[in-house]
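Participant: For reference, the sequence and a predicted model appear below.
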Amino acid sequence: MLVAAACAVAISSADATPVGDALQRPALLVRQAERSVLLALAHAGQGIVAVGERGVIVRSEDQGKTWRQMPCPVSVSLTMVRFADAEHGVAVGHGGTVLTTQDGGRNWQVRLNGTQLSAIALRDAVNDAQRTEAARLAADGPDKPFLDVLLWDARHLLAVGAYGLAFYSPDGGATWQSWMGRLPNPRGMHWYVARRQDQSVLLAGEQGLLAQSDDGGKTFHSMPSPYRGSWFSAELQPGGRLTLVGLRGNVWQSSDAGRRWVAIPTPNAASILASAQTPAGDIVLATQAGQMLRLQGQRVTPVNTTPLPTPAGILPLTNDQWLAVGVAGVVPVPAFAQVQGAQP
């Protein structure tokens, strides 16, 4: 998988032993933690929190100018962080890890790890296929990463990831339910993406895997995919507008909740690893080649003239100022105005 190198998504069973150790070991404090390999970042009220390899968590109080490392109870790589409000956030990562914070990312508590997943899956299994899957989770050990997390609010969350992992909590991580049997994913493919807009929920993953809910997540159905390659990010906007991005520079848009799709041309075939929306509603994309692209309607405009070190996540500060994280840690993105008007 092309995204694996950029996002440090190691999903082989060979990682089971070191991941197990790292689940019990707090992250080390490091110099200039903001220059560590970081994989995701999110607003926490007026602050910003970024997470990455070996359990590094950093927080900024000044819009990304300076950073301070926060304590983390595990040293597995963390792949995604999201906040429901200024105080309540969730980070997920390798070893089936889910962490929560109630103070804006300054302190974190383990809420779930890979050693617990099989017991939950077995308890919630309703047929032989689901019981077999739970037994496989137990035999494999805590070797599978969560890759995204969806927050309805501070209490309701869904963590999804490799090999079809999908676990839901109705109470901020205190208790968990397996949703693996509820989602249309019979081959157990990887979920990379979880997004929500009002009552619409979209899950996306490898080989064109798509699932949709129209009732806030109560039920899901398979969604026909306009492309058979993997989806690495998505954006949902009001009025049923969907944007899917992924392998080989694919960008597809729908204005009717996925019934019809239009392919959006991009400058090259570099895989698109991340996306986010500006306050004005434009969509910005980050490619594996380090290029940032601004999507306005069906027009794609390059943002940066100098490639960024492989970006894994992007975050808007304003309509024209952004931060990216990746192999070089936190990197400010040049103002859009520098290259506006450039043609794909």
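Facilitator: Cool, the structure landed.
Participant: Give me the nearest residue to the residue nearest to the spatial centre of the chain, chain neighbours excluded.
Facilitator: The centre of the chain sits closest to Asp148, judged by C-alpha atoms, centre = their mean, with a distance of 3.6 Å. In this structure, Asp148 finds its nearest non-sequential neighbour in Ala194, 4.5 Å apart by C-beta to C-beta, 6 or more residues apart in numbering. For every residue, glycine as well, the C-beta is placed using N, CA and C.
Participant: What is the neighbour count of that neighbour?
Facilitator: Residues lying near Ala194 (other C-beta atoms under 10 Å) number 27.
Participant: residues contacting it?
Facilitator: 148-150, 158, 160, 201-203 (C-beta atoms under 8 Å, 6 or more residues apart in numbering).
Participant: could I get those residues as CSV with distance to Val98, secondary structure and pLDDT?
Facilitator: Output for the contacts of Ala194, formatted as CSV (distance: C-beta to C-beta, whole Å; DSSP: H, G, I helix; E, B strand; the rest coil; pLDDT from 0 to 100):
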residue, distance to Val98, secondary structure, pLDDT
Asp148, 12, strand, 98
Val149, 7, strand, 98
Leu150, 12, strand, 98
Leu158, 10, strand, 98
Val160, 11, strand, 98
Val201, 18, strand, 97
Leu202, 21, strand, 98
Leu203, 17, strand, 98
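Participant: Just flag the most distant two among those residues.
Facilitator: Val149 and Leu202 (14.0 Å; C-beta to C-beta).
Participant: Tell me the bridge partners for Tyr168.
Facilitator: Counting by DSSP bridges, Tyr168 is bridged to Leu158, Gln177.
Participant: Surely it and Met180 touch.
Facilitator: No: look at Tyr168 against Met180 with C-beta atoms under 8 Å: they stay out of range, at 10.1 Å.
Participant: higher neighbour count, the two?
Facilitator: Met180 (24 against 19).
Participant: OK, contacts around the more buried one?
Facilitator: Met180 touches 121, 130, 133, 164-167, counting by C-beta under 8 Å, 6+ apart.
Participant: Which one of these is nearest to Pro226?
Facilitator: Closest to Pro226, out of all of these and judged by C-beta to C-beta, is Gly164, at 21.9 Å.
Participant: Tell me how many other residues crowd that closest one.
Facilitator: That count, for Gly164 with other C-beta under 10 Å as the rule, works out to 21.
Participant: What distance do you get for it to Gln116?
Facilitator: 17 Å (C-beta to C-beta, to the nearest Å).
Participant: and what of Thr175?
Facilitator: Taken as C-beta to C-beta, the span from Thr175 to Gln116 is 11 Å.
Participant: quick one, which of those two is more surrounded?
Facilitator: Gln116 (17 against 12).
Participant: Surely that one touches Gly96?
Facilitator: Yes: taking contacts as C-beta under 8 Å, Gln116 lies within contact range of Gly96: 7.4 Å.
Participant: Contact partners for the closest residue to Val325 other than its chain neighbours?
Facilitator: Closest residue to Val325 apart from its sequence neighbours, by C-beta to C-beta, 6+ apart: Leu38 at 3.8 Å. By C-beta under 8 Å, 6+ apart, the contact list for Leu38 reads 50-53, 56, 58, 312-313, 325-326, 329-330.
Participant: so of those residues, which ones are in strands?
Facilitator: With strands taken from DSSP state E, the overlap with these comprises 50-52, 58, 312-313, 325-326, 329-330.
Participant: Which ChimeraX command selects the buried ones in the residues you listed?
Facilitator: Per 16 or more other C-beta atoms under 10 Å, the buried members of these correspond to this ChimeraX selection:
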select :50,51,52,58,312,313,325,326,329,330
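Participant: Any chance of CSV for the ones in strands among the contacts of Leu38, columns distance to Thr100 and pLDDT?
Facilitator: Formatted as CSV, these follow (distance: C-beta to C-beta, whole Å; pLDDT from 0 to 100):
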residue, distance to Thr100, pLDDT
Ala50, 17, 98
Val51, 13, 98
Gly52, 18, 98
Val58, 17, 98
Ala312, 22, 97
Gly313, 19, 97
Val325, 21, 98
Gly326, 25, 97
Gly329, 24, 97
Val330, 23, 97
